[in-house]
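Peer 1: Kindly generate the corresponding structure for this input.
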Amino acid sequence: MLGKILVIAVRVTALAAMFGAGVAILVSPPTSEPRWRHATAVPPAMILPRSLTDRAGIEPQVLHPDTPRVEPLAPMLPGGISLDLASFSPWEDRGRRQIVGVAWSRGGLDASGPEMIRMVLPDGQILDRIPLLGDPLPNDAPCWLPGNRARVVYPGADGRVYGLDFEAGWAGGSSDQPSGIRPRELPWQPSPIADATPFVGDLSWDEDDPSGRRMLASVQFRGGGAGIPTDWQLWWLELDRGTTRIVAAGRLLDAEETGLMVRRRHPRIFRGGDGSPRLAYVATRMREMTNELRVATLHVAAGSAIPRASEAEAKVVASGILLAPPAIAPDRRSVAVLRAAGRSVEAVRVPAGWDIARCASVPDVHSPREPVPSAPTAQTRGPSTTF
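Peer 2: Here you go, the predicted model:
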C-alpha cells in the first residue's frame, strides 16, 4: 500500500512539475535578448530623401543598387503614414524587414509632432514610436550598426551624432522598457580643430573596416579655430567599443582645394575590379552647378589601418547626376547613381571592373543610355563607357 502511495505521489509531482513548466513558458516576462534571431543579410536598398524626390514632383522612392531599379516607397507602408530620412535594416527575418525613419501622418504633422518610427515590412507592424519633441530631428537617414540588432546612429539637425538602441537601450535598459528608448548623443572627444564645433552629415559605415566601428561622414567645422564655417570635408569617424562616443577621426581625402569651388559629399567605400579599396563621392562644381561621381584609390600606410585618398588621383566617372549618395551594389564592385528623368528619377550603374588609372572617357548621364539587359526597365540605365 505504501508503495502505491509513493508511486502516485511521484506521478502527481511529475505532472505538477510539467504543468508548472508549461505555465512558466506561457507567462514568462519579455526577454531583453534580440528578437531577430534568424536574421539573414539581404541586398541593400536605399530610400531617397524627400528633399530629392519633392524637387522631381514624385513620391519617395527606393533604389535597389543590385538591379538597379527605382520603385515607390508608399505602397510598402501602412495607410496614413509617410516616412522621410528612413533606411532599411541590412537584414531580414523570415521575409520580414525592419525600417526606421521620421514619420508623420499623410495629412501633415500630428499635434504631437514628428516621431522616429520603427516598423516591420511587408506587414506594416509598428514596433516603436518615439516622439522627437525636444530632441533634434535627423538631418539624414539613420545608419544601422553592424550585426542583427535594431540599433542605429544618425546625424542630427544640430550636427551632432546620435544613437538609438531599440532593443537594449544605450544605458543598459531592456526592450521591455520602451519608454526608456531615447536618442543618445555620441560626443566627439576631442574636436580635431581647437574651439571649433563639428557639424556631421552623410553618415555611412566603412564596411571594409574589420573592427566594425568606423564610419564615413561629410563634416563642416564651425566657429573657434575654424573661423567661418568650413566647406564640407570627407572624414572617417571611429566609435568606441560600447558605441557611446567618437574616439578618433581623420580626413579621408587629401588636398581638397576650396578655391576650385567644388563641394564634396556622400563618401562611400567599395572595391574595384582588382580588389583594391576605392573611395567614391559626389563632387558639386558650384560654378556650373553640376554633380559628378568621383572615384579615388584608397591607400593604407604600413602599420596603419587608416585609409587616405588623394584628390589629385581622383577620376570623374559619371557627371550630370543628382546629389544623392552613391549606392554600392551587393558585390561591392559597382556603384549606382541617380539622374533626373522628366518627372521621375532613374538609376545609372557604373560598371565593375574599371581601372581608374586608364579611364577611357567620362560617362555623361545626361545623354541617352541603353537599358541594362538584366533589368529591362525604363528606370534603369547603364553607362556605355567601359573601364
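
Peer 1: Just list whatever residues bridge to Leu83.
Peer 2: Beta-bridge partners for Leu83, by DSSP bridges, are Ala103.

Peer 1: now swap in the one 10 residues further on and tell me
Peer 2: Each beta-bridge partner of Asp93 is listed here, defined by DSSP bridges: Ala39, Arg96.

Peer 1: my read: it touches Ala39, true?
Peer 2: Yes. Counting by C-beta atoms under 8 Å, Ala39 is a contact partner of Asp93 at 5.1 Å. Using the backbone N, CA and C atoms, a C-beta is placed for each residue, glycine as well.

Peer 1: Low-confidence ranges, this structure, go.
Peer 2: Scanning the chain for pLDDT under 70 picks out 1-38, 105-112, 168-180, 224-228, 255-260, 303, 351-387.

Peer 1: can we see that at 50?
Peer 2: Across the chain, the ranges flagged by pLDDT under 50 are 1-2, 5-33, 108-111, 169-178, 353, 355-387.

Peer 1: Now for Asp93 and Ala39: what residues contact both?
Peer 2: Where contact means C-beta atoms under 8 Å, 6 or more residues apart in numbering, no residue is in contact with each of Asp93 and Ala39.

Peer 1: Which of the two has more residues huddled nearby?
Peer 2: The residue with more neighbours, out of Asp93 and Ala39, is Ala39; 21 against 17, by other C-beta atoms under 10 Å.

Peer 1: From Pro90, how far off is that one?
Peer 2: 9 Å (C-beta to C-beta, to the nearest Å).

Peer 1: go on, Phe221?
Peer 2: 31 Å.

Peer 1: Tell me where the stretch 51-200 of the chain has helices.
Peer 2: When secondary structure is read from DSSP state H, counting those that start in this stretch, the stretch 51-200 of the chain shows no helices.

Peer 1: ok, now which ones touch the closest residue to Tyr154 other than its chain neighbours?
Peer 2: Excluding its sequence neighbours, the residue lying closest to Tyr154 (C-beta to C-beta, 6 or more residues apart in numbering) is Pro142, at 3.9 Å. By C-beta under 8 Å, 6+ apart, the contact set of Pro142 is Leu85, Ala86, Ser87, Val100, Gly101, Val152, Val153, Tyr154, Leu164.

Peer 1: Kindly recompute the last result at 6 Å.
Peer 2: Ser87, Val100, Val152, Tyr154 (C-beta atoms under 6 Å, 6 or more residues apart in numbering).

Peer 1: same thing with Cys143?
Peer 2: Val153, Leu203, Ser204, Trp205.

Peer 1: mind checking how far it is from Ala150?
Peer 2: Taking C-beta to C-beta, one finds Cys143 at 13 Å from Ala150.

Peer 1: which residues of the stretch 51-200 of the chain fall in strands?
Peer 2: Assigned by DSSP state E, counting those that start in this stretch, the strands in the stretch 51-200 of the chain fall at 61-64, 69-72, 81-93, 96-105, 115-121, 125-131, 143-144, 151-155, 161-165, 184-185, 197-205.

Peer 1: How many residues are close by Asp231?
Peer 2: Neighbour number of Asp231 under other C-beta under 10 Å is 15.

Peer 1: what bridges to the nearest residue to Arg332 once chain neighbours are set aside?
Peer 2: Sequence neighbours aside, Phe270 is the residue nearest to Arg332 in space, at 4.7 Å (criterion: C-beta to C-beta, 6+ apart). Note on Phe270: beta-bridge partners Arg278, judged by DSSP bridges.

Peer 1: I'd guessed Phe270 sits against Ala327; true?
Peer 2: No. The pair Phe270 / Ala327 is not scored as a contact, 10.1 Å apart, by C-beta atoms under 6 Å.

Peer 1: Quick check: the closest residue in space to Pro78 that isn't next to it in sequence vs Ile81, distance?
Peer 2: Leaving aside its sequence neighbours, Pro78 sits nearest to Gly124 (C-beta to C-beta, 6+ apart; 3.7 Å). Separation of Gly124 from Ile81 (C-beta to C-beta) stands at 8 Å.

Peer 1: Which one's more surrounded, these two?
Peer 2: The residue with more neighbours, out of Gly124 and Ile81 and counting by other C-beta under 10 Å, is Ile81; that gives 16 against 13.

Peer 1: Check this structure and tell me which residue is nearest its centre.
Peer 2: For the chain, Cys143 is the residue whose C-alpha lies nearest the centre (C-alpha atoms, centre = their mean; 3.5 Å).

Peer 1: Roughly how far does it sit from Ser344?
Peer 2: Taken as C-beta to C-beta, the span from Cys143 to Ser344 is 27 Å.

Peer 1: try Ile246
Peer 2: From Ile246 to Ser344 the distance is 38 Å (C-beta to C-beta).

Peer 1: Those two: which is more packed in?
Peer 2: When neighbours are counted by other C-beta under 10 Å, Ile246 and Ser344 differ, and Ile246 comes out ahead with 22 against 14.

Peer 1: Secondary structure element holding Leu216?
Peer 2: strand 214-222 (DSSP states H and E).

Peer 1: which strands and helices sit next to that strand?
Peer 2: strand 197-205, strand 233-239 (3 or more C-beta pairs under 6 Å, 6 or more residues apart in numbering; DSSP states H and E).
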